[in-house]
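# Kindly return the folded structure for what I paste below:
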Amino acid sequence: MTPFGARLRALRTERGVALKDLAAALQVSAAYLSALEHGRRGQPSAGLVHQVNEFFGLIWDDAEELARLARQSHPRVVLETGGLSPEATALANRLARDFRRLTPDAITHIEAALDKLPKERR
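Prediction:
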């Protein structure tokens, strides 16, 4: 599940909106929305995010948060390590190989380490 998919499902659940009803209102298929929620589809378009914001009446910070989650919702990420050190390439390959085995605690530790990087390197 992607960050956007998790939030979309939470919004539907909180508001008691069925998947098929949201799909009809947004003029997309229920299968597409289900795939978005489960992370089987890529990042939603800005237009769809806007429609979801309007449907649920999200404004200001809530609307921006949904847009931010959409930008972070690529279920298939590609890392380009050309020109980087052999160690960086090895790490990228190891992450790709072992990513599904990371525990929530390990993910939290990795995020904390990344948060400490100088801003210009992000």
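
# for the protein, which spans come out with low pLDDT?
Residue ranges of the chain with pLDDT under 70: 121-122.

# quick one, what contacts the one residue sitting closest to the centre of it?
Closest to where the C-alpha atoms of the chain average out (CA atoms, centre = their mean) is residue 73, at 2.3 Å. When contacts are counted by CB atoms under 8 Å, 6 or more residues apart in numbering, residue 73 touches 2, 3, 4, 5, 39, 42, 43, 44. (Glycine included, C-beta is placed from N, CA and C.)

# swap the cut-off to 6 Å and go again
Residues in contact with residue 73, defined by CB atoms under 6 Å, 6 or more residues apart in numbering, are 2, 3, 4, 43.

# I'd like to know which of those are buried.
Buried members of the contacts of residue 73, scored by 16 or more other CB atoms under 10 Å, are 2, 3, 4, 43.

# Next up, identify which helix or strand residue 64 is on.
Take DSSP states H and E as the rule and residue 64 turns out to sit in helix 60-71.
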